[in-house]
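>>> kindly generate the corresponding structure for this input.
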Amino acid sequence: MKRFFVFIAFCCSLVMLKSQIPETYKGPEIKFDKIVHDFGEVKLGSKVSVEFVFTNIGKSPLIIEEVISSCECTLAEAPKTPIMPGKTEVIKVSYSAENLGLISKRITVISNALTDRITLQIKGKTVE
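As a prediction, this is how the structure comes out:
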């Protein structure tokens, strides 16, 4: 009989623990096809661009709140409307090659996703 009460107490404690574990996340989540793009050699004075493709793999609308580039030579354009679950969009990034040498620029994407900050990178080398 004592074992029976111990078993019941054990089962009750499992039920109480399970109720304290949060349910599966039901918000938006962002997934990029790639987060780094290598332009290779870029001619001095030219402008190059790339599209970073992403999908909302979450269960509610994804909102891109802000896109911040690491310098004025790098511009980024993001969708202004919510991205519904399962839908794919792009962030367009352009770079103006104004200085010779290595290119390494970062673009921070801030959203309402579970992973709320993602850093994209462009790289390459500016040549004459």
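>>> now do the strands in the protein.
Using DSSP state E, the strands assigned to the chain run over residues 30-32, 36-43, 47-56, 64-69, 74-77, 88-96, 101-111, 117-127.
>>> redo these as JSON lines? Include distance to T24 and mean pLDDT.
The way it works is simple: take the backbone N, C-alpha and C, and place the C-beta from them, glycine included. Below are those laid out as JSON lines (distance: least, Cβ to Cβ, whole Å; pLDDT from 0 to 100):
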{"stretch": "strand 30-32", "distance to T24": "17", "mean pLDDT": "97"}
{"stretch": "strand 36-43", "distance to T24": "30", "mean pLDDT": "97"}
{"stretch": "strand 47-56", "distance to T24": "16", "mean pLDDT": "98"}
{"stretch": "strand 64-69", "distance to T24": "24", "mean pLDDT": "96"}
{"stretch": "strand 74-77", "distance to T24": "32", "mean pLDDT": "96"}
{"stretch": "strand 88-96", "distance to T24": "23", "mean pLDDT": "98"}
{"stretch": "strand 101-111", "distance to T24": "19", "mean pLDDT": "97"}
{"stretch": "strand 117-127", "distance to T24": "21", "mean pLDDT": "97"}
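>>> could those be laid out in TSV, adding mean neighbour count?
TSV is the format used below for the strands of the chain (neighbours: other Cβ atoms under 10 Å):
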stretch	mean neighbour count
strand 30-32	17
strand 36-43	13
strand 47-56	18
strand 64-69	15
strand 74-77	17
strand 88-96	17
strand 101-111	16
strand 117-127	17
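>>> N99 contacts T126, doesn't it?
Yes. Counting by Cβ atoms under 8 Å, N99 touches T126, with 6.2 Å between them.
>>> common neighbours of those two, please.
L44 (Cβ atoms under 8 Å, 6 or more residues apart in numbering).
>>> in this structure E29 contacts N112, no?
No. Taking contacts as Cβ under 8 Å, E29 lies outside contact range of N112: 10.0 Å.
>>> can you check which residues contact both of those two?
Contacts common to E29 and N112, judged by Cβ under 8 Å, 6+ apart, are L62.
>>> now do the nearest residue to K31 once chain neighbours are set aside, the pLDDT please.
Among residues not flanking K31 along the chain, I57 sits closest, at 4.8 Å (Cβ to Cβ, 6 or more residues apart in numbering). Here the pLDDT value assigned to I57 is 96.
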